[in-house]
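Asker: This is a predicted model, with the sequence first.
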Amino acid sequence: MQLMARVVDKILFAGLFIAALQVPILADHYRQYLSGYYDATREQVIELENLARQFNFSSVDALIESLRHNADGVVQQDAENKAALQAKLEEADNGLKTLSTGNYFEQARYMFAPARKDTLFRVLDNFAPSIPLTPAAIVFSLIVAITLNILVVSPLWAGRRVYHWRQARKARVRFS
């Protein structure tokens, strides 16, 4: 029984290690996806900047504020869409900074945030598992795999110890 538990523990660790190795690769794919999105959004914002200059507004924000005060509801909605586009560009820029300069834990926290689950699923559609070869990625994966393995296996170890303790206690009571 103990041999089986050790084998299962080793298989669990190997599975966790392989899964953790995917985070750096996924972060790279996510960064590439976000970079394309950033470039496309940035082009739209540049067009807004050109439009603002063309009509003598000091900034895109000034243009948006002017559109918000327009009486026509369609123009007001267009202003909100332009403001949302700017916010998306800023969010994508922050994401790229995190994915480019953050450690793997920060990258994982960014990618797996519930607010970004749709983007994560789009990235996963084109994701192919592989093995990263950088030392940092391997160390990150080892730390994650060991930590998760301990968290999963510790209750089993404790349960086994309690079971053996109770069996020994029953044996002592019988011999007393």
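Answerer: Structure received. This one's a predicted model, so the numbers in the text were calculated from it and none came from an experiment.
Asker: Which of the helices or strands spans the nearest residue to residue 62 once chain neighbours are set aside?
Answerer: With CB to CB, 6 or more residues apart in numbering as the criterion, residue 62 has its nearest non-adjacent residue at 6.8 Å, and that residue is residue 52. Every residue, glycine included, has its C-beta placed from N, CA and C. Secondary-structure element containing residue 52, defined by DSSP states H and E: helix 2-54.
Asker: tell me the average confidence for that helix?
Answerer: Taken as a whole, helix 2-54 has a mean pLDDT of 92.
Asker: Summarise which helices and strands it is packed against.
Answerer: Applying 3 or more CB pairs under 8 Å, 6 or more residues apart in numbering; DSSP states H and E, one finds that helix 2-54 contacts helix 60-68, helix 73-101, helix 104-111, helix 117-125, helix 135-175.
Asker: so that helix versus helix 73-101, what angle?
Answerer: The directions of helix 2-54 and helix 73-101 differ by 130 degrees, with axes from the mean of the first three to the mean of the last three CA atoms, to 10 degrees as the criterion.
Asker: quick one: helix 2-54 to chain centroid distance?
Answerer: Centroid separation for helix 2-54 versus its chain: 6 Å, with CA atoms, centre = their mean, to the nearest Å.
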